[in-house]
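Novice: Could you work out the structure for the sequence below:
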Amino acid sequence: MRNSSLSLLLRSGLTVAAASALPLALAAGSAGAVSGISVSTTGSTVSVTTSACTNINGSWGTASLLTSRQANFAQGRQVSLSGTSNLQSAAWSGVSPGTYTVIVVCSNGSTAGTQSVIVTAPPTPRPSPTPSRGVMGGVGGATKDYGTLTLVGGGALVGTGALATVWFLRRKSKPYRL
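Specialist: Numbers count the residues shown, from 1 in each chain. Next up, the predicted model:
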């Protein structure tokens, strides 16, 4: 009995889910068929491309970028399309983060498409973490264990430098003789 009620609940749940998804699928199918534009963002730049417009009197059409508070094409930031018969494009720079709607209207008055786009803020550079023990100053390269030959050679160089310094300073301090 328990399995049959669980099975009935599962089947009815799937039926309700399918019935509620049907209008969304139909709307998405019709929107996809109407939208002949491709919108992309790079940083604070939004660009749109289409191949649906034709050139009439030197104009391909106009694209408009609308914020969520703007209701129609005329209220948005408008840019003329440019390009070739294969591909037309427009771009907006300096767009602040938020959700926008891009609408493209061809020069013959037909709408090439409408698409929403989200502009995100660029990542903020973060400073590297502070070392927990401060700056690792100290003996530098002297932490390596050198052999006896290296130490004797270094001592000989230091000793020679010290003797040369003493000889040079004593020679300078004596009066000049002819």
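
Novice: and residue 157, what helix or strand is that in?
Specialist: Secondary structure from DSSP states H and E places residue 157 in helix 148-173.

Novice: So which residues of the chain form helices?
Specialist: Secondary structure of the chain (DSSP state H): helices at 2-34, 148-173.

Novice: comparing those, which gets the lowest mean pLDDT score?
Specialist: Ranked by mean pLDDT, the helices of the chain bottom out at helix 2-34, with a mean of 43.

Novice: since we're on residue 73, how many residues are nearby?
Specialist: 17 (other C-beta atoms under 10 Å). C-beta: built from backbone N, CA, C; applies to glycine.

Novice: With adjacent residues omitted, what lies nearest to it?
Specialist: residue 64 (4.8 Å; C-beta to C-beta, 6 or more residues apart in numbering).

Novice: Tell me the spacing between the one you found and residue 129.
Specialist: Distance of residue 64 to residue 129, computed by C-beta to C-beta, to the nearest Å: 45 Å.

Novice: Give the residue from those two that has the larger number of neighbours.
Specialist: With other C-beta under 10 Å as the criterion, residue 64 and residue 129 differ in neighbour count, and residue 64 comes out ahead with 23 against 6.

Novice: what bridges to the more buried one?
Specialist: residue 78, residue 103 (DSSP bridges).

Novice: need the contact list for it.
Specialist: For residue 64, the contacting residues are 73, 74, 76, 77, 78, 79, 102, 103, 104, 105, by C-beta atoms under 8 Å, 6 or more residues apart in numbering.

Novice: Was I right to think the fifth one contacts residue 66?
Specialist: By that I understand residue 78. No - applying C-beta atoms under 8 Å, one finds residue 78 not in contact with residue 66, separated by 9.9 Å.

Novice: Between the two, tell me which one has more neighbours.
Specialist: Relative neighbour count places residue 66 above the other of residue 78 and residue 66, with 21 against 16, counting by other C-beta under 10 Å.

Novice: picking up where we left off before, buried subset of the contacts of residue 64, written for PyMOL?
Specialist: Typed into PyMOL, the line below selects the buried ones among those, using 16 or more other C-beta atoms under 10 Å:
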select buried, resi 73+76+78+79+102+103+104+105
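
Novice: Return the closest of the contacts of residue 64 with respect to residue 59.
Specialist: Comparing the contacts of residue 64 against residue 59 with C-beta to C-beta places residue 105 closest, at 10.8 Å.

Novice: Roughly how far does that closest one sit from residue 126?
Specialist: Counting by C-beta to C-beta, the gap from residue 105 to residue 126 is 43 Å.
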